[in-house]
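A.B. asks: predicted model and sequence below, questions to follow.
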Amino acid sequence: MEFLNQKPSEKLLPIKDLYTYLQNLVQKKLWLKVLIGMLLGILLGAYFATEPKWVSEKTLQSVINWIAFPGNLFIRVVQMIMIPLMFSSIVQGIAGGDNTEYLKKSGPKLLLYYGMTTSTVLILAVILATVIQPGNYMDATSLITADMSLDTQIISESGAKLGFGYIPEMIVNLLPANPLQALVSGDMLSIVIFAIIIGVSLANIQADTAFPLLKVLYSVQEITMAITRWAMKLAPIAVFGLMCQVTSKVGIETIMGLSMFMLTVVIGLLLVVFVYSMILLFVAKTNLRNFFSDAKDVLLLAFSMASSAAVMPLTLKTAEEKMGINPSVSRFIIPIGVSINMDGTAVFQAIATLFLAQVYGLDLDLPTILIVIITTILASIGTPSAPGAGVIVLGSVLSTIGIPVTAIALIIGVDRLLGMFRTSVNVMGDLVTCQVFNRLYLKEKQNK
């Protein structure tokens, strides 16, 4: 800092000058503004959680709702543009690039890459939860109500839904019978598949026939990006309000009671970051310091928003403008990754399932753990990229081993906070994938 290099007599700046210095520092760094908003929101929310006597409960709730208003408005704006942005980006990425032949060939490689990375981090997560056993540190006897009791019949039949004969039906159900209905209902996985089919089709017809639709989709993409730029001005205030609202509802006591579970999830997510770092070093041949320096804004914003879809425009901008990723690669991979590449969510769901099994005293054998891993992969693929969606989809994983969906109530209090961590990991995964496939893309161009 400049004022530290001044003479001792000049180090104590007037309050006005110090304020100007700090203001300029904050204005230059989006992530710092978001971080400050997040910390202030947590502090104010923790105070409101104590239910101060000088204000009535009804008035306090009204104040919290108004404080959270910018954050809820931000999320709604993002939800409004998420589907047109995702659809237009995928189609543009496949059919509007300068090397569509490569992108068509890279589809199977991308699915194989996603399968390998997700399986690797899930195995690590299962080993971690088995070693630490966070469920043994929590006595939930008084918290488990009648509607949370285990169903022994479901436990004995667990895994029946994952029979070999069920796979064809599952694949068929991925294709949208009515694309318009999928767009209206927000079925993200069906939308992604429909967009891929449209993109590949456009890439295989005459250029003059495909050009009008691609031009329209390009305009749609630019419009959604412009709306996002407006919404980003609300980001620090939105984060402040959302964190205040969440902390005021949960309270510090709930967070402390589930501290071992939270610690296990955070360690699991750090393992994912380690795996990604190894991929960057040895596969993408990327400098880690440069990568994290370029990605820090979007990772911190993703942490604050707890929604990878909310920051997808910034993820695209970071990949293309800061990391030099070819738009043909980034606009193909990132929108798909927002719906499919959910390693952070998968790790959370696996650890949460084992945690609840330990709380209930269930001893899971190897076949059942394999069922958990397979179900978690499938569930993470279909998880909407919106705040809180991960814990909702967790119910489908729990049901396969006989734990009632109502058991989610035991961890719902800290889901938002953990959702922030796993969202950052999910966004990092999309950027890492871009680095890997951009390297393959450049090699392909050099060999021609």
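C.D. replies: Cool, got the structure.

A.B. asks: show the average pLDDT along the helix or strand hosting V126.
C.D. replies: Secondary-structure element containing V126, defined by DSSP states H and E: helix 100-132. Mean pLDDT, computed over helix 100-132, is 86.

A.B. asks: just for the stretch 151-300 of the chain, where's the confidence low?
C.D. replies: Applying pLDDT under 70 to the stretch 151-300 of the chain picks out residues 151-167, 169-171, 174, 186-189, 250-257.

A.B. asks: if we go to 50?
C.D. replies: In the predicted model of the stretch 151-300 of the chain, residues 154-156, 159-164 satisfy pLDDT under 50.

A.B. asks: what residues of the helix holding V126 count as buried?
C.D. replies: In terms of neighbour count (16 or more other C-beta atoms under 10 Å), helix 100-132 has its buried residues at 100, 102-103, 106, 110, 113-114, 117-118, 121-122, 124-126, 128-129, 132. In short, each C-beta sits where N, CA and C put it, glycine included.

A.B. asks: what do you get for stretch 276-296?
C.D. replies: Buried-residue list, stretch 276-296, by 16+ other C-beta under 10 Å: 276-277, 279-280, 284, 286, 291, 294-296.

A.B. asks: now do the longest helix seen in the chain: distance to the chain's middle.
C.D. replies: Under DSSP state H, the helix in the chain containing the largest number of residues is helix 57-95. Mean C-alpha position of helix 57-95 versus that of the full chain (C-alpha atoms, centre = their mean, to the nearest Å) differs by 14 Å.

A.B. asks: and that helix, what's buried?
C.D. replies: Residues 64, 67-68, 70-71, 74-75, 77-78, 81-95 are the ones in helix 57-95 that count as buried (16+ other C-beta under 10 Å).

A.B. asks: same question, stretch 239-250
C.D. replies: Neighbour-count burial for stretch 239-250, counted by 16+ other C-beta under 10 Å, picks out 239-248, 250.

A.B. asks: list of residues touching it?
C.D. replies: 34, 37-38, 40-42, 44-46, 48-49, 64-65, 67-72, 75, 304-305, 413-414, 416-417 (C-beta atoms under 8 Å, 6 or more residues apart in numbering).

A.B. asks: kindly report the same for stretch 51-65.
C.D. replies: Residues beyond stretch 51-65 that count as contacts (C-beta under 8 Å, 6+ apart) turn out to be 48, 244-245, 248.

A.B. asks: which two among these are spaced furthest apart?
C.D. replies: The widest separation within the contacts of stretch 51-65, taken as C-beta to C-beta, falls between F48 and Q245 and amounts to 8.9 Å.

A.B. asks: gap between P134 and V405?
C.D. replies: For P134, the distance to V405 equals 20 Å [C-beta to C-beta, to the nearest Å].

A.B. asks: tell me which of the two has more neighbours.
C.D. replies: Summary of the neighbour comparison: P134 and V405, criterion other C-beta atoms under 10 Å, with P134 having more neighbours (22 against 15).

A.B. asks: and the more buried one, how far from T368?
C.D. replies: Looking at P134 against T368, where the rule is C-beta to C-beta, the gap reads 18 Å.

A.B. asks: what do you get for I191?
C.D. replies: As defined by C-beta to C-beta, I191 lies at a distance of 33 Å from T368.

A.B. asks: of the two, who's got more company?
C.D. replies: Counted by other C-beta under 10 Å, I191 and T368 do not tie: I191 has more neighbours, with 22 against 18.

A.B. asks: export stretch 415-435 to PDB, keeping only CA atoms.
C.D. replies: Once non-C-alpha atoms are left out, stretch 415-435 reads as follows in PDB (Å, rounded to 0.1, in the frame of the first residue of the first chain):
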ATOM      1  CA  ASP A 415     -26.900 -26.300   3.500                       C
ATOM      2  CA  ARG A 416     -26.800 -22.700   2.300                       C
ATOM      3  CA  LEU A 417     -23.300 -22.200   3.700                       C
ATOM      4  CA  LEU A 418     -22.000 -25.500   2.300                       C
ATOM      5  CA  GLY A 419     -23.800 -24.700  -1.000                       C
ATOM      6  CA  MET A 420     -21.500 -21.700  -1.300                       C
ATOM      7  CA  PHE A 421     -18.400 -23.800  -1.100                       C
ATOM      8  CA  ARG A 422     -19.600 -26.500  -3.500                       C
ATOM      9  CA  THR A 423     -20.700 -23.900  -6.000                       C
ATOM     10  CA  SER A 424     -17.200 -22.400  -6.200                       C
ATOM     11  CA  VAL A 425     -15.900 -25.900  -6.800                       C
ATOM     12  CA  ASN A 426     -18.400 -26.600  -9.500                       C
ATOM     13  CA  VAL A 427     -17.500 -23.300 -11.300                       C
ATOM     14  CA  MET A 428     -13.800 -24.100 -10.900                       C
ATOM     15  CA  GLY A 429     -14.500 -27.500 -12.500                       C
ATOM     16  CA  ASP A 430     -16.000 -25.800 -15.600                       C
ATOM     17  CA  LEU A 431     -13.000 -23.500 -16.000                       C
ATOM     18  CA  VAL A 432     -10.600 -26.500 -15.600                       C
ATOM     19  CA  THR A 433     -12.500 -28.400 -18.200                       C
ATOM     20  CA  CYS A 434     -12.200 -25.400 -20.500                       C
ATOM     21  CA  GLN A 435      -8.400 -25.400 -20.000                       C
END
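
A.B. asks: that one - what's its average pLDDT?
C.D. replies: Here the average pLDDT along stretch 415-435 is 90.

A.B. asks: for that stretch, list every residue counted as buried.
C.D. replies: Here stretch 415-435 shows 415-435 as buried, counting by 16+ other C-beta under 10 Å.
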